[in-house]
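Enquirer: return atomic coordinates for the entry below.
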Amino acid sequence: MSLLRQVRRAMPALFVLAHVVLAAARRGAAAAGPGKAPAPAVIVFGDSTADTGNNNFIQTMARGNHPPYGRDYAGGVATGRFSNGRLPADFVSEALGLPPSVPAYLDPGHTIHHLATGVSFASAGAGLDNMTAQIPSAMTLSEQIDHFRRYRARLQRAKGQAAAHHIMSHALYIFSIGASDFLQNYLVFPARGYRYTLPEYEAYLVGAAEAALRAVHGLGARAFRVVGLPPLGCLPLERAMNLPRPTGECNEVYNVVARSFNSRLRGLVASLNWELPGARLAYIDQYGLMSAMIARPWEYGFDNSVQGCCGTGYVETGVLCSLDSALTCDNANKYVFFDAVHPSERAYKIIAGAILNATSTRRFP
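Expert: Numbering: from 1, shown residues only. So this is what the prediction gives:
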């Protein structure tokens, strides 16, 4: 058999092999992205579900920079994250080929070069309503966006206009905020209740969310992940405080509030996908995901979905967790919640998966 004939017979196999290699290379490029990642940065706004340490540098009691928080973080360090380890944004960053943790903007230990691949402006205790943040002296969402403007200017000076524009326009922006507006504000203190009915307050919050998203879009953002509220009435603290009902039951009134707000928020995301030029927004159904983890914890590898790991698991959050640290569970991976309000690192990793897998509802003509 001639060499030419052998080559001809081998051509189909070689073609298939080349196709497989090319596909693998493309998958690798997608995972590693331009340079190293499909998104050059992860930029975060929000509350305690997204605060990676900003509150450590402001005068507030809403801090997670003490044990047992951070006990499963690298080095066992309490960074200010309200979890035993990392938050969703951290896992998202790592999955995109970026650093495994997103730095806090206010941390003086980070230069603008560190912040160029990701930054969190979130502040534990913040809400869509600026009044919510004032209760624990947290940063308001308006202040977070002001810091983002300063970050943008710093980035332009450090990287140049073209590079900064690329980072800003290709970064993934995560908004995780809103629970405190109800649990820390409207459903607890009467100030907003005197002024707004519940539907009116929901509309007010969605209006604030729209203003924030439009402002950040106007500064160059294009890809957004907007995280909905969890089942508020099934947080361990709300179960414990649900006194009229049998012990351990979820507060269904609070859950109805969360579902109603989420419906409005989902509608906003759909509307903005049409209205904002170049925007790609995706809504994250945290309510459905957390409800499934709480109702069927065994399917997700959890043993306990009604108590937090720290303290008694029913009322402790924040500084109260440190007071009952001797009661803290041995293995937080078996718990959906780490404290009486916040999910465990393992639950947060599952939520991060939903953020990564979300697709925009934008429709193109």
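
Enquirer: quick check: residue 342 touching residue 83?
Expert: Yes. Taking Cβ atoms under 8 Å as the definition, residue 342 is a contact partner of residue 83 at 6.0 Å. (C-beta placed from N, C-alpha, C; glycine too.)

Enquirer: which residue ranges of the stretch 251-365 of the chain form strands?
Expert: 280-284, 304-308, 335-337 (DSSP state E, counting those that start in this stretch).

Enquirer: now do the second one: everything it contacts.
Expert: The reference is to strand 304-308. Outside strand 304-308, the residues that touch it by Cβ atoms under 8 Å, 6 or more residues apart in numbering are 236, 239, 248, 293-295, 297, 313-314, 316-317, 334-342.

Enquirer: neighbouring strands for that strand, and are they parallel or not?
Expert: Strand pairing for strand 304-308, using DSSP bridges, gives strand 335-337 (parallel).

Enquirer: list of residues touching the strand it pairs with?
Expert: With Cβ under 8 Å, 6+ apart, strand 335-337 has contacts from 235-236, 290, 293-294, 297, 300, 302-305, 307-309, 313, 329, 343-344, 347.

Enquirer: could you find the closest non-adjacent residue to residue 70?
Expert: residue 78 (3.6 Å; Cβ to Cβ, 6 or more residues apart in numbering).

Enquirer: quick one, what contacts that neighbour?
Expert: 64, 65, 66, 67, 68, 69, 70, 71.

Enquirer: tell me the phi and psi of it?
Expert: Phi and psi for residue 78, reported as degrees, to the nearest 10, are phi -80, psi 100.

Enquirer: which parts of the chain are helices?
Expert: With DSSP state H as the criterion, the chain has helices at 3-32, 88-95, 112-115, 130-134, 141-159, 161-170, 179-180, 190-195, 198-218, 236-241, 252-275, 286-295, 319-323, 345-357.

Enquirer: okay if I get those helices as TSV plus mean neighbour count, distance to residue 55 and mean pLDDT?
Expert: TSV is the format used below for these (neighbours: other Cβ atoms under 10 Å; distance: least, Cβ to Cβ, whole Å; pLDDT from 0 to 100):
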stretch	mean neighbour count	distance to residue 55	mean pLDDT
helix 3-32	10	33	38
helix 88-95	25	15	98
helix 112-115	15	17	96
helix 130-134	20	11	96
helix 141-159	17	12	98
helix 161-170	16	25	98
helix 179-180	25	13	98
helix 190-195	12	23	88
helix 198-218	17	19	98
helix 236-241	20	19	93
helix 252-275	17	24	97
helix 286-295	19	22	98
helix 319-323	16	12	85
helix 345-357	20	18	98
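
Enquirer: re the thing from before, just the buried residues of the contacts of strand 335-337.
Expert: Among those, those buried by neighbour count (16 or more other Cβ atoms under 10 Å) are 235-236, 290, 293-294, 297, 302, 304-305, 307-309, 313, 329, 343-344, 347.

Enquirer: about what we covered before: for the strands of the stretch 251-365 of the chain, give me CSV that also has mean pLDDT and distance to residue 193.
Expert: Shown next, in CSV, are these (pLDDT from 0 to 100; distance: least, Cβ to Cβ, whole Å):
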stretch, mean pLDDT, distance to residue 193
strand 280-284, 98, 27
strand 304-308, 96, 28
strand 335-337, 98, 27
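
Enquirer: dump the ones you listed into JSON lines; add distance to residue 117 as well.
Expert: What follows is the strands of the stretch 251-365 of the chain, written out as JSON lines (distance: least, Cβ to Cβ, whole Å):
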{"stretch": "strand 280-284", "distance to residue 117": "20"}
{"stretch": "strand 304-308", "distance to residue 117": "32"}
{"stretch": "strand 335-337", "distance to residue 117": "30"}
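
Enquirer: looking at these, which is closest to residue 44?
Expert: strand 280-284 (13.0 Å; Cβ to Cβ).

Enquirer: what's the angle between the closest one and helix 88-95?
Expert: Calculated by axes from the mean of the first three to the mean of the last three Cα atoms, to 10 degrees, strand 280-284 forms an angle of 120 degrees with helix 88-95.

Enquirer: contact partners of strand 280-284?
Expert: With Cβ under 8 Å, 6+ apart as the contact definition, strand 280-284 has outside contacts at 213, 222-228, 265-266, 269-270, 272-273, 351, 354-355, 358-362.
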